[in-house]
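>>> sequence and computational prediction follow.
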Amino acid sequence: MRERTHLNTSISRYKDLEAGLDDAITLIELGEMEGEEDAICEGEAALDALSEEAGKLELESLLSGEADANDCYVEIHAGAGGTEAQDWAEMISRMYARWAEAHGHKVELVEESPGEEAGIKSVTYRILGLNAYGWMKTESGVHRLVRISPFDSSARRHTSFASVWVFPVVDDSIEIEIDEKDCRIDTYRSSGSGGQHVNKTDSAVRITHISTKIAVQCQSERSQHQNKAKCWDMLRARLYERELQIREEQAMETEASKSDIGWGHQIRSYVLQPYQMVKDLRTDVETSDTKGVLDGDLDQFMAASLAARIKIEGDTIDTA
């Protein structure tokens, strides 16, 4: 149903573009015939807007994966390094939240483990919006920060790491069977903000799928029952994403994009000192606008990664 809605929306937008192009050309021609400069300017402005919209549609045409139209979950974990790494994890969390908001998506907190002094140890949230997973899926991997640490009294330069993992929300049309006896269910007290209810009851839930060692946790709801229900949904999503990844690995004959928590697979570097640069190590796309990137301006990196992935898949199919 989601894919059909997406297709109908895309067709409608293409038709609107075509109609808008005809209107703009007609307006410019009438302006030239009548010598009305305002009409010509209005038509040219309309053409500029149509060109921008066409560019967006071209990018969205890259989103052809099975679950690309779905909402997604985003997990962020701080690497080794204590407060510095935990602050970096919080910066990344804010960066993706800003990206989502700029695209009209909604962000829902699922679970958060605050840092000891600042930042976060880990966070999981859900991004709701058309093509959320399609855009975000290439962000999975290790992100590296180089900067003068605000937590170092000697003002030394530090390198910090955080891992990001993105997986799609599974809708009811996709059947993922999980046997409860294959899972371990733990309950614990919530650690985040939430008023008087938090830290007084064991309402937070963690479910671990024993054979795959995939673990999910939720503490955003007030009751253990609600948190458990969300955990089952997330586990279904993780297992589905795992199946999608296995298929992609088989087709592309490459290793998965998620590496061990030891930070061996960096996808992007964010350098704030001694110079300013953000560089994607997979596509070589880079920019000196570090502030813009950390404020959520990520489309150029996402689009390049999507295009590179599709090219690799196409080359693999051609040579198969």
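Noted; the coordinates are in hand.
>>> any idea how many residues pack against Met33?
9 (other Cβ atoms under 10 Å). Just so you know, the C-beta spots here come from the backbone N, C-alpha and C atoms, and that holds for glycine as well.
>>> please disregard the earlier target; I meant Ile246.
Neighbours of Ile246 (other Cβ under 10 Å): 11.
>>> three-state assignment of the residue nearest in space to the middle of the chain?
Centroid-nearest residue in the chain, with Cα atoms, centre = their mean: Met136, separated by 2.8 Å. Assigned state for Met136: helix (three-state reduction, DSSP: H, G, I helix; E, B strand; the rest coil).
>>> list the contacts of the nearest residue to it once chain neighbours are set aside.
Of all residues not flanking Met136 in the chain, Val166 sits nearest, at 4.7 Å (Cβ to Cβ, 6 or more residues apart in numbering). Taking Cβ atoms under 8 Å, 6 or more residues apart in numbering as the criterion, Val166 is in contact with 72-75, 133, 136-137, 139-140.
>>> and those, which is closest to Glu66?
Tyr133 (9.9 Å; Cβ to Cβ).
>>> so that closest one sits in a helix?
Yes: counting by three-state DSSP, Tyr133 is part of a helix.
>>> where does the prediction get shaky in the chain?
Scanning the chain for pLDDT under 70 picks out 1-10, 171-174, 191-200, 247-265, 310-320.
>>> for it, what's the longest strand?
When the chain is parsed with DSSP state E, its longest strand is strand 157-168.
>>> in its sheet, what does it sit against?
strand 72-78 (antiparallel), strand 141-148 (antiparallel) (DSSP bridges).
>>> partner residues bridging the residue nearest to Met136?
Beta-bridge partners, per DSSP bridges, of Val166: Val74.
>>> okay, Asp71 and Ala80: tell me how far apart.
Distance, Asp71 to Ala80, using Cβ to Cβ, to the nearest Å: 31 Å.
>>> the more surrounded of these two?
Asp71 (23 against 11).
>>> hmm, back to that, could the contacts of Val166 go into JSON lines alongside distance to Glu175?
Formatted as JSON lines, the contacts of Val166 follow (distance: Cβ to Cβ, whole Å):
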{"residue": "Cys72", "distance to Glu175": "19"}
{"residue": "Tyr73", "distance to Glu175": "19"}
{"residue": "Val74", "distance to Glu175": "24"}
{"residue": "Glu75", "distance to Glu175": "24"}
{"residue": "Tyr133", "distance to Glu175": "18"}
{"residue": "Met136", "distance to Glu175": "24"}
{"residue": "Lys137", "distance to Glu175": "21"}
{"residue": "Glu139", "distance to Glu175": "27"}
{"residue": "Ser140", "distance to Glu175": "24"}
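>>> now His105: phi and psi?
His105 adopts backbone torsions of phi -90, psi 160, taken as degrees, to the nearest 10.
>>> run a quick neighbour tally on it.
That count, for His105 with other Cβ under 10 Å as the rule, works out to 21.
>>> check which residues of the longest helix anywhere in the chain are buried.
Criterion DSSP state H: the longest helix present in the chain is helix 2-34. The neighbour-count check on helix 2-34 (16 or more other Cβ atoms under 10 Å) flags 6, 20, 24, 27-28, 31 as buried.
>>> what about the helices in this structure?
Using DSSP H, helices in the chain cover 2-34, 37-60, 83-102, 132-136, 224-252, 290-294, 299-319.
>>> deepest of those helices, which one?
Sort those by mean neighbour count, taking mean count of other Cβ atoms under 10 Å, and helix 132-136 sits at the top with a mean of 26.
>>> for that helix, the distance to its chain's centre please.
5 Å (Cα atoms, centre = their mean, to the nearest Å).
>>> residues in contact with it?
62-63, 65, 67-72, 74, 96, 100, 103, 105, 127, 166-169, 302, 306.
>>> the residue nearest to the centre of the chain and Leu63, how far apart?
Met136 is 11 Å from Leu63, by Cβ to Cβ.
>>> cool, and Cys218?
Distance from Cys218 to Leu63, by Cβ to Cβ: 28 Å.
>>> what does Tyr73 give?
Applying Cβ to Cβ to Tyr73 and Leu63 gives a distance of 18 Å.
>>> between those two, which one's more packed in?
Tyr73 (24 against 18).
>>> so the more buried one sits right up against Glu111, yeah?
No: using Cβ atoms under 8 Å, Tyr73 is not in contact with Glu111, being 10.1 Å away.
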